[in-house]
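K.L.:
Sequence first, then the predicted structure, then my questions.
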Amino acid sequence: MSHIITLSDFIMERQAEFPGSSGELSRILNDISVASKIVSRDVRRAGLVDHILGAQGDVNIQGEEQQKLDVVADTQFIKVFESSGEICGIASEENDDFLAFTSERAKSGKYIVLFDPLDGSSNIDCNVSIGTIFSIYRRISEKGTPATLEDMLQKGTQQVAAGYVLYGSSTMLVYTTGHGVNGFTLDPSIGEFCLSHPNMRMPETGRIYAMNEGNIHECEQGIRDYVAFCQEVQEDGRPYSGRYIGSLVADFHRNLIKGGIYIYPVTNQSPQGKLRLLYECNPLAFVAEQAGGMATNGTDRVLDIQPRQLHQRCGFFTGSKQMMEKAIDCLEKARAK
Ligand SMILES: O=P(O)(O)OC[C@H]1O[C@](O)(COP(=O)(O)O)[C@@H](O)[C@@H]1O
Ligand SMILES: [Mg+2]
Ligand SMILES: [Mg+2]
């Protein structure tokens, strides 16, 4: 059996490559792995524990009905982040406002984390893959003071690390610190994330398109043209395959492995888009680009968008380079008419 490289081994090895790095980011990545293991445990036995499945009964700032597991995961990650000492504040999908941690230890933290504690909430009760998405920045406010909204509203290009956890047939953690993308699989028998997907590269092209086609009539012409192109017989004699899990992390991960494109455009119903820029689109855009793929809102590179609000939404197109270029070409041609 080949040599097992655990996540902590890997992080320490990588840290050594950056003389002068003080280990805070390494500790945050370890904190994320700890919280993910706990959430993974809860997800895997959700049907057996009565307080985990179903709706919480509250509506979050997105106007969405919170699922119990949304809140369980949110509470778990906040607990770990608040006690880490490296993080001065967070923002999450399930909290109206950002949280500036108040302990002196936390206020001296250099980093902030934005996250979607449970992605794919509509799939929780039917046991379909779900995930957690995270994005890490250095604070811009002064160390020792409370975190600010300005700390939270940084462009995606400023991310120092980002990634996701996939609670699927196995639990995986995939992340980048701007030096490539690596994937780790949780081995429940030893309770460790182990390197299983080193240096992940998104194939230049693919045969899979993922979109909620139920929205197709609410989309602009260029989108309809691109979907029609996907459904045409391609050079290899077959049309592309439509695959839509309805959990962004799972659809993204499949495309990262096999090649493909994921599209959630702005629609008449959601003129700002559905997905959230800060804790869904930016982190996945960072991973996509680091793996050789692309991510835009249909016009601009996602990572270049200047955030204005915490729960700001945007159109989201991400995937294999050649498929993205074709989709953008369809949009531009239709808009030029
Ligand atoms: O049901 P729809 O409109 O297709 O939306 C599905 C999309 O919404 C999401 O569920 C939004 O994320 P949350 O579950 O974290 O709110 C994505 O995971 C998914 O891609
Ligand atoms: Mg989400
Ligand atoms: Mg969510």
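P.N.:
Yes, it's here. Ligands and ions are numbered 1, 2, ... in the order given.
K.L.:
what helix or strand is residue 102 on?
P.N.:
Counting by DSSP states H and E, no helix or strand carries residue 102.
K.L.:
Counting neighbours, what do you get for residue 43?
P.N.:
Here the count is done by other Cβ atoms under 10 Å, and residue 43 has 24 residues near it. Heads up, the C-betas are built off the backbone N, CA and C, glycines and all.
K.L.:
elements contacting the helix or strand containing it?
P.N.:
Assigned by DSSP H and E, residue 43 belongs to helix 24-44. Secondary-structure packing of helix 24-44 (3 or more Cβ pairs under 8 Å, 6 or more residues apart in numbering; DSSP states H and E): helix 7-16, helix 68-82, strand 111-119, strand 130-138, strand 161-167, strand 171-176, strand 181-187, strand 192-197.
K.L.:
let's see it at 6 Å
P.N.:
If you count contacts as 3 or more Cβ pairs under 6 Å, 6 or more residues apart in numbering; DSSP states H and E, helix 24-44 packs onto helix 7-16, helix 68-82, strand 161-167.
K.L.:
Confidence-wise, which of these is weakest overall?
P.N.:
Ranked on mean pLDDT, the bottom entry among the helices and strands packed on helix 24-44 is helix 7-16, at a mean of 88.
K.L.:
So in terms of bridging, what pairs with whatever residue of the stretch 101-250 of the chain ends up closest to ligand 2?
P.N.:
Proximity of the stretch 101-250 of the chain to ligand 2 (Cβ to the ion) peaks at residue 119, 3.5 Å away. With DSSP bridges applied, residue 119 shows beta-bridge pairing to residue 131.
K.L.:
In the stretch 151-300 of the chain, what residue lies closest to ligand 2?
P.N.:
Distances between the stretch 151-300 of the chain and ligand 2 by Cβ to the ion are smallest at residue 280, namely 5.0 Å.
K.L.:
What backbone torsions are found at that residue?
P.N.:
Main-chain dihedrals, residue 280, degrees, to the nearest 10: phi -130, psi -60.
K.L.:
so how many other residues sit close to the closest residue to residue 265 other than its chain neighbours?
P.N.:
Using Cβ to Cβ, 6 or more residues apart in numbering and skipping residues adjacent in sequence, the residue nearest residue 265 is residue 315, 4.6 Å away. Neighbours of residue 315 under the rule other Cβ under 10 Å: 25.
K.L.:
Residue 315 reaches residue 298, doesn't it?
P.N.:
Yes. Using Cβ atoms under 6 Å, residue 315 is in contact with residue 298, at 4.5 Å.
K.L.:
and the stretch 1-150 of the chain, which residues reach ligand 3?
P.N.:
Listed as neighbours of ligand 3 in the stretch 1-150 of the chain under the rule Cβ under 5 Å from the ion: 93, 116, 118-119.
K.L.:
related to what we said a few turns ago, compute the number of surrounding residues for the residue of the stretch 101-250 of the chain closest to ligand 2.
P.N.:
Residue 119 - counted by other Cβ under 10 Å - has 28 other residues nearby.
K.L.:
show me the contacts for it.
P.N.:
Residues near residue 119 by Cβ atoms under 6 Å, 6 or more residues apart in numbering: 131, 133, 248-249.
K.L.:
do the same with residue 34
P.N.:
Taking Cβ under 6 Å, 6+ apart as the contact definition, residue 34 lies against residue 80.
K.L.:
what separates residue 94 from ligand 2, distance-wise?
P.N.:
Distance of residue 94 to ligand 2, computed by Cβ to the ion, to the nearest Å: 10 Å.
K.L.:
show me the residues around the residue nearest to that residue when sequence neighbours are not counted that make contact.
P.N.:
Nearest residue to residue 94, sequence neighbours excluded (Cβ to Cβ, 6+ apart): residue 74, at 4.2 Å. Contact analysis of residue 74 by Cβ under 6 Å, 6+ apart lists 92, 94, 117.
K.L.:
just those residues now: which is nearest ligand 3?
P.N.:
For the contacts of residue 74, the minimum distance to ligand 3 (Cβ to the ion) is 6.2 Å, reached by residue 117.
K.L.:
and the closest one, what does it touch?
P.N.:
Contacts of residue 117 (Cβ under 6 Å, 6+ apart): 73-74, 77, 92, 132.
K.L.:
Point out where the stretch 151-300 of the chain drops to low pLDDT.
P.N.:
By pLDDT under 70, the stretch 151-300 of the chain has no low-scoring segment.
K.L.:
Would you confirm that the residue of the stretch 151-300 of the chain closest to ligand 2 contacts residue 118?
P.N.:
No. At 11.7 Å, residue 280 does not count as touching residue 118 under the criterion of Cβ under 6 Å.
K.L.:
residues contacting the residue nearest the centre of the chain?
P.N.:
The residue lying closest to the centre of the chain (Cα atoms, centre = their mean) is residue 133, at 3.6 Å. Contacts for residue 133 (Cβ under 6 Å, 6+ apart) come out as 116, 119, 164, 279-280, 283.
K.L.:
What pLDDT is listed against it?
P.N.:
So residue 133 comes in at 98 (pLDDT).
K.L.:
For residue 169, grab the count of nearby residues.
P.N.:
Neighbours around residue 169, by other Cβ under 10 Å: 7.
K.L.:
Surely it forms part of a strand?
P.N.:
No. Applying DSSP: H, G, I helix; E, B strand; the rest coil, one finds residue 169 to be coil, outside a strand.
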